[in-house]
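> Sequence unavailable; structure follows:
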């Protein structure tokens, strides 16, 4: 990797990441989505090779690439074990698509972001695997189809 692509240690060049992210912008409508996208890009530019953001302490919220297609509080269900609230734990960023070698085709795998919510109380410690909740924000959610 050359220094001109941003960092000698970067896994994904800023040029490649920028091209992937820019393709999502073509699907956005309205000023709110564009403002959200600009804010998302600004934060991601600090570490463009990241594919996962983790936060379990509740102080961080997902970075939403678009203002449309975000969940509201009623959209996030309660824990299936204790009926307590779920909280944001981690986020899968669209840069992961680069590592999957996803092409920019109509039928390709695509998402703007995936936010995963888990039980705030971390209940049922005896279970090896627990059901969690994932909110998938698709890049095409704001596109109107005629």
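Nice, thanks for sending it over. All values derive from a computational prediction rather than experimental measurement.

> What ranges does the chain have for its strands?
In the chain, the strands defined using DSSP state E lie at 52-54, 86-92, 113-119, 133-137.

> Relative to residue 40, which of these is closest?
Ranking these by their distance to residue 40 (criterion: C-beta to C-beta) puts strand 113-119 first, at 8.3 Å. For the C-beta atoms, the positions are set from N, CA and C on the backbone; glycine is no exception.

> Spell out for me which residue occupies the centre of this protein.
residue 113 (2.4 Å; C-alpha atoms, centre = their mean).

> What's opposite that residue in the beta bridge?
Assessed by DSSP bridges, residue 113 has beta-bridge partners residue 137.

> Mean pLDDT and distance to residue 71 for the strands of the chain - can I get that in CSV?
Listed next are those as CSV, based on pLDDT from 0 to 100; distance: least, C-beta to C-beta, whole Å:
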stretch, mean pLDDT, distance to residue 71
strand 52-54, 89, 16
strand 86-92, 93, 10
strand 113-119, 93, 8
strand 133-137, 94, 5
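
> Where is the longest helix in the protein?
Determined from DSSP state H, the single longest helix within the chain is helix 31-44.

> Same question for that helix: list its buried residues.
33, 36-37, 40-41, 44 (16 or more other C-beta atoms under 10 Å).

> So which of those residues is the closest to residue 73?
Set against residue 73, the nearest of the buried residues of helix 31-44 by C-beta to C-beta is residue 36 (18.8 Å).

> how much space between the closest one and residue 66?
Going from residue 36 to residue 66 by C-beta to C-beta, to the nearest Å gives 5 Å.

> in this structure, which spans are helices?
Remark: helices assigned in the chain by DSSP H are 14-25, 31-44, 96-99.

> By mean pLDDT, show me the worst of those helices.
If you rank the helices of the chain by mean pLDDT, helix 14-25 sits at the bottom with a mean of 53.

> Tell me how far the residue sitting furthest away from the middle of the chain lies from residue 81.
Centroid-distance maximum for the chain: residue 126 at 29.6 Å, with C-alpha atoms, centre = their mean. Here residue 126 is placed at a distance of 10 Å from residue 81 (C-beta to C-beta).
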